[in-house]
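>>> Quick check, what structure comes out for this input:
(one chain, ligands or ions: 1)
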Amino acid sequence: MRQVLVRCCKCGTKAAIESSKEVSDTLKQLYCCCRNPECGHTFVVNMEFSHTLSPSALDLPDALRQRIQEVTPAMQGQLFG
Ligand SMILES: [Zn+2]
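So this is what the prediction gives:
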């Protein structure tokens, strides 16, 4: 997985993510430290869920999920037709 790139808002240098805190299911706080020795800024960045592009299969009713697993991939489209 690609790492999140955080830049220092004071000097623009890449910052190291030292630790993180799960505030909620949709919000994570990243504790960052600027790698520029002349700056040394330490700061917190909020990483927050924005919106859904494609719904999770976990949101489907259990009965429908069960049927999807039972049929062949070719037949799965017919369940939504
Ligand atoms: Zn900096």
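
>>> Low-confidence regions, this protein specifically.
1, 81 (pLDDT under 70).

>>> Do a quick rundown of the helices in it.
62-70, 73-76 (DSSP state H).

>>> CSV please, covering the ones you listed and showing distance to residue 14.
Heads up, the C-betas are built off the backbone N, CA and C, glycines and all. Shown next, in CSV, are the helices of the chain (distance: least, CB to CB, whole Å):
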stretch, distance to residue 14
helix 62-70, 42
helix 73-76, 43
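
>>> got JSON lines for the ones you listed, with distance to the ion and mean neighbour count too?
What follows is those, written out as JSON lines (distance: least, CB to the ion, whole Å; neighbours: other CB atoms under 10 Å):
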{"stretch": "helix 62-70", "distance to the ion": "48", "mean neighbour count": "11"}
{"stretch": "helix 73-76", "distance to the ion": "51", "mean neighbour count": "10"}
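
>>> Near the ion, which residues of the protein are found?
On the criterion CB under 5 Å from the ion, the ion has as its neighbours in the chain the residues 8, 10, 11, 13, 34, 36, 39, 41.

>>> Which of those residues fall within strands?
residue 34 (DSSP state E).

>>> Which of the residues of the chain next to the ion has the largest number of neighbours?
residue 34 (22 neighbours; other CB atoms under 10 Å).

>>> how much space between the residue nearest the centre of the chain and residue 12?
The centroid of the chain falls nearest to residue 49 when counting by CA atoms, centre = their mean (6.7 Å). Separation of residue 49 from residue 12 (CB to CB, to the nearest Å): 26 Å.

>>> Residue 73 too?
Residue 73 is 48 Å from residue 12, by CB to CB.

>>> picking that back up, need the nearest residue in space to the residue nearest to the centre of the chain, chain neighbours excluded.
residue 26 (3.7 Å; CB to CB, 6 or more residues apart in numbering).

>>> wait, which of the helices of the chain is closest to residue 17?
helix 62-70 (35.7 Å; CB to CB).

>>> Pull the closest one out as CSV, backbone CA atoms only.
The C-alpha trace of helix 62-70 is given here as CSV (Å, rounded to 0.1, in the frame of the first residue of the first chain):
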residue,chain,number,x,y,z
ASP,A,62,-27.8,-10.9,4.4
ALA,A,63,-30.3,-13.0,2.3
LEU,A,64,-29.0,-11.2,-0.9
ARG,A,65,-25.3,-11.7,0.0
GLN,A,66,-26.0,-15.4,0.6
ARG,A,67,-27.6,-15.8,-2.8
ILE,A,68,-24.7,-13.9,-4.5
GLN,A,69,-22.3,-16.4,-3.0
GLU,A,70,-24.3,-19.4,-4.2
